[in-house]
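>>> Next comes the sequence, and after it the predicted model I'd like to discuss.
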Amino acid sequence: MHNSTVSKWGVVSAGGVSRVDCHVKVLDDTVVARARRAGFDAIVYAPHFTRLPEIRRRAAVYSSDDLLVVPAREVFTGSWHDRKHVLAIGLDEPVPDFISLDAALTEFERQNAAVLAPHPEFATVSLTAADLKRYAETIDAVDIFNPKHLRSHNRRARNLASELGLAPFTSSYAHLPRSVGIAHTEFDAEIETEADLVATLTDGVSRRVVHRNGLERVRTTARELAHLIYENTWKKADRLFLSGIEPTHPRHIAYDGRFDDVSVY
């Protein structure tokens with residue numbers, strides 16, 4: 001069973017329709033196979049704690065004429081206690097995690113990236129209503145259906161997008177390959193390249209948010225929430241970031257000191 005939320009933004013582009021899973025965290029043969037079975041034209045690959053060159057390399061390996069894999073970064077802004085996730089598509093230069101929100105958005109804007117707000121107001125890992133309002137001119141789309149959300153979270157996200165006049169999107173937000181296919185965004189545009197997707201998002205092209213309902217959706221939410229609990233243990237947080245030498249730490253040598261003044265660690 002599917003449910004589709006129709007939202008019109010800007011001018012409908014001529015030339016076709018593209019189905020895009022706007023955010024997956026995992027990428028392997030199973031993910032690609034599921035995306036193809038679902039009829040997707042593209043998926044956006046944005047794994048945690050991985051630098052942009054590596055994301056681009058892996059995306060290129062799995063991208064083909066049948067399925068475009070777009071590299072992206074979900075940057076963790078702020079501290080581990082109060083981190084706010086922001087998804088940037090179309091970056092040319094790496095941006096680290098754990099810098100201030102203002103610094104991250106300024107850098108995304110400098111690079112002309114599309115800026116998306118995943119899972120707004122969810123737990124302590126998301127942009128708040130106040131953040132969305134403050135940065136409405138910079139944010140290109142808001143996640144209005146997320147498989148990790150309960151129904152009340154999705155309803156709140158839809159209301160926020162509507163109140164602020166921000167374009168919607170959805171994705172599988174798959175941390176597990178089995179989640180791919182549960183949701184996608186259908187754009188009134190032909191998307192054949194990363195640049196096409198960035199332009200579609202930043203131009204506010206009309207689109208439909210499509211997701212599954214019923215038992216499959218409930219099972220997907222349960223699996224993804226269980227994975228979230230594992231992913232956010234203190235042990236993992238300490239291992240990943242507080243040593244200060246990981247690939248996406250702002251003081252890593254790869255960033256050449258550019259983000260030292262906006263680092264929160």
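On my side now, so go ahead.
>>> Any regions of this protein where pLDDT drops low?
Within the chain, the stretches with pLDDT under 70 are 1-15, 221, 227-245.
>>> what about the strands in the stretch 51-200 of the chain?
68-77, 84-89, 114-117, 141-145, 168-170, 183-187 (DSSP state E, counting those that start in this stretch).
>>> Ok, which of these comes nearest residue 209?
Nearest to residue 209, of all those, is strand 168-170, at 4.6 Å by CB to CB. Heads up, the C-betas are built off the backbone N, CA and C, glycines and all.
>>> What lies in contact with that closest one?
With contacts defined as CB atoms under 8 Å, 6 or more residues apart in numbering, strand 168-170 is touched by 5, 7, 22, 116, 141-146, 158, 161, 183-185, 201, 207, 209-211.
>>> now do 10 Å
5-7, 9, 20-23, 44, 87, 114, 116-118, 140-147, 154, 157-158, 161-162, 182-187, 201, 207-211 (CB atoms under 10 Å, 6 or more residues apart in numbering).
>>> Kindly report the same for stretch 250-265.
For stretch 250-265, the surrounding residues in contact (CB under 10 Å, 6+ apart) are 51-53, 76-83, 93-104, 106-107, 241-249.
>>> okay, now residue 224: neighbour count?
22 (other CB atoms under 10 Å).
>>> Kindly provide the distance from residue 206 to residue 154.
20 Å (CB to CB, to the nearest Å).
>>> quick one: the helices in the stretch 51-200 of the chain?
Per DSSP state H, counting those that start in this stretch, the stretch 51-200 of the chain carries helices over the ranges 52-62, 101-110, 129-134, 151-164, 194-202.
>>> for residue 93, what are its contacts?
Residues in contact with residue 93 (CB under 10 Å, 6+ apart) are 52, 107, 110-111, 113, 255, 258.
>>> redo that, cut-off 7 Å
residue 111 (CB atoms under 7 Å, 6 or more residues apart in numbering).
>>> coming back round to it: looking at the helices of the stretch 51-200 of the chain, which is closest to residue 222?
So among the helices of the stretch 51-200 of the chain, helix 151-164 is nearest, using CB to CB, at 13.6 Å.
>>> Can you check what angle separates that closest one from strand 141-145?
150 degrees (axes from the mean of the first three to the mean of the last three CA atoms, to 10 degrees).
>>> Give me the contacts around helix 151-164.
So helix 151-164 is contacted by 120-122, 129, 132-133, 136, 142-146, 168 (CB under 7 Å, 6+ apart).
>>> In it, which of the residues would be classed as buried?
Residues 153-154, 156-158, 160-161 are the ones in helix 151-164 that count as buried (16 or more other CB atoms under 10 Å).
>>> now, which of those residues sits nearest residue 40?
Distances from residue 40 to these, taken by CB to CB, are shortest for residue 154, at 20.9 Å.
>>> Now do the contacts for the residue lying closest to residue 197 once chain neighbours are set aside.
The shortest distance from residue 197 to any non-neighbouring residue, by CB to CB, 6 or more residues apart in numbering, is to residue 191 (5.1 Å). Shown in contact with residue 191 (CB under 7 Å, 6+ apart): 18, 20, 41-42, 68, 197, 200.
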